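1. Have a look; sequence and predicted model below, questions after that.
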Amino acid sequence: MTKDEIGESLLEVIASVENKIASIGEVEQSSKAVYLISYFLTVLHYSKSIANSIKSDNLISVAPILRTQLEAFVELINLTKYENYSKVLYAIHIEQKIKMIEATFKDTSNPFFKDTIDKMKNRGENIKFRRNELKKVKSEISDFDGNYRQIKTRFKYAGLEEVYTSVYSILCQDTHNDLLSIENRHFHSDNGKLTILTKINWPINEVDSHILTSLALIESSVENVFPCLGYEKPVETLNLIEEKHKILDSYFMQMYR
């Protein structure tokens, strides 16, 4: 298989899922339903970014994209597991807003903050309102243990602690440019020799596990979201995902023989 064919396999799956989502039409105007569809589409569209990166031979971007896709998947799973999880997300949103306002007004001469400062007539009242709202929301999510602002905690809520310490940790190392990561990113070792990797000569086995993981995240998202929204699982789409997964897995396994 060529990189273009691998990318097209992912895009075929994504198109099938998109068609199923489009067939749903309208959803109820609840925060849970809106957040659920939003994170579902985020998982899907990041996978599309991975597919396009493969097709354009830009494999260096696959790991950072997968990391963000995995974070969205964690939120999606938590939304399907917990009735009140949308309020956890809202609490995080409020806390971030408060921090942003406080940081903005620390240096009112900073030109990057000028528009925000000009538009916000009463900073004190704005922060007070948000803090009162945060206090109310926190009282409704007191059953969530730990610091929900930490992604590690939210992986725990989702039952994915092992994924956090393994897959996610590796993706973070790559995204944060650890020394070992940048060495592996730009050099390929073969028979004691190092070959420089440029954009156009990355071997696909540098990201094969990432491709399969992205596909698995789509499959699990489909399996969880449709029933949660009251719809039957789209069997044809799930069969297509399984078929593509088997084909790609078989192809990648041959490279290691």
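-> Received the coordinates, thanks.

2. Please compute how far stretch 135-150 lies from its chain's middle.
-> Averaging C-alpha positions (C-alpha atoms, centre = their mean, to the nearest Å) puts stretch 135-150 22 Å from its chain's average.

3. which residues touch that stretch?
-> Residues outside stretch 135-150 that contact it (C-beta atoms under 8 Å, 6 or more residues apart in numbering): 82, 84, 87-88, 90-92, 94-95, 153-154, 156-157. Heads up, the C-betas are built off the backbone N, CA and C, glycines and all.

4. OK, contacts around His188?
-> In this structure, His188 makes contact with 194-195, 197, 203, 206, judged by C-beta under 8 Å, 6+ apart.

5. Quick check: PyMOL command selecting the buried ones in those residues.
-> Restricted to buried positions by 16 or more other C-beta atoms under 10 Å, the PyMOL selection for those reads:
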select buried, resi 197+206
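
6. Among the contacts of His188, name the ones in strands.
-> Among these, the residues falling in strands (DSSP state E) are 194-195.

7. Just the buried residues of the contacts of stretch 135-150.
-> Counted by 16+ other C-beta under 10 Å, those give 82, 87-88, 90-92, 94-95, 153-154, 156-157 as buried.

8. Surely Ile37 forms part of a helix?
-> Yes. The assignment for Ile37 (DSSP: H, G, I helix; E, B strand; the rest coil) places it in a helix.

9. just the strands in the protein please.
-> Along the chain, counting by DSSP E, strands occupy 187-190, 193-196.

10. Let me have the ones you listed in JSON lines, extended by distance to Asp143 and mean pLDDT.
-> Formatted as JSON lines, these follow (distance: least, C-beta to C-beta, whole Å; pLDDT from 0 to 100):
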{"stretch": "strand 187-190", "distance to Asp143": "49", "mean pLDDT": "78"}
{"stretch": "strand 193-196", "distance to Asp143": "53", "mean pLDDT": "83"}
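
11. Make CSV out of these and add distance to Asp107.
-> Formatted as CSV, those follow (distance: least, C-beta to C-beta, whole Å):
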stretch, distance to Asp107
strand 187-190, 42
strand 193-196, 43
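
12. surely Cys172 meets Arg67?
-> Yes. At 6.5 Å, Cys172 and Arg67 qualify as touching, with contact defined as C-beta atoms under 8 Å.

13. more neighbours, those two?
-> Between Cys172 and Arg67, counted using other C-beta atoms under 10 Å, Arg67 has the larger neighbour count: 20 against 16.

14. distance of the more buried one from Gln173?
-> Applying C-beta to C-beta, to the nearest Å, the value for Arg67 to Gln173 is 10 Å.

15. Now do the contacts for the closest residue to Glu71 other than its chain neighbours.
-> In space, and not counting its chain neighbours, Glu71 is closest to Ile151: 6.4 Å by C-beta to C-beta, 6 or more residues apart in numbering. Contacts for Ile151 (C-beta under 8 Å, 6+ apart) come out as 71, 74, 164.

16. between those residues, which has the most around it?
-> Val74 (23 neighbours).

17. Distance-wise, check the residue nearest to Glu71 relative to Leu217.
-> Taken as C-beta to C-beta, the span from Ile151 to Leu217 is 16 Å.

18. low-confidence ranges in the stretch 101-250 of the chain?
-> Filtered on pLDDT under 70, the stretch 101-250 of the chain yields the residue ranges 113, 117-118, 120-121, 199-200.

19. Give the burial count for the nearest residue to Leu66 once chain neighbours are set aside, as a bare number.
-> In this structure, Leu66 finds its nearest non-sequential neighbour in His210, 4.9 Å apart by C-beta to C-beta, 6+ apart. Residues within reach of His210, counting by other C-beta under 10 Å, total 22.

20. Surely His210 touches Ser61?
-> No. The pair His210 / Ser61 is not scored as a contact, 10.6 Å apart, by C-beta under 8 Å.

21. what residues are shared contacts of those two?
-> The contact sets of His210 and Ser61 do not overlap (C-beta under 8 Å, 6+ apart).
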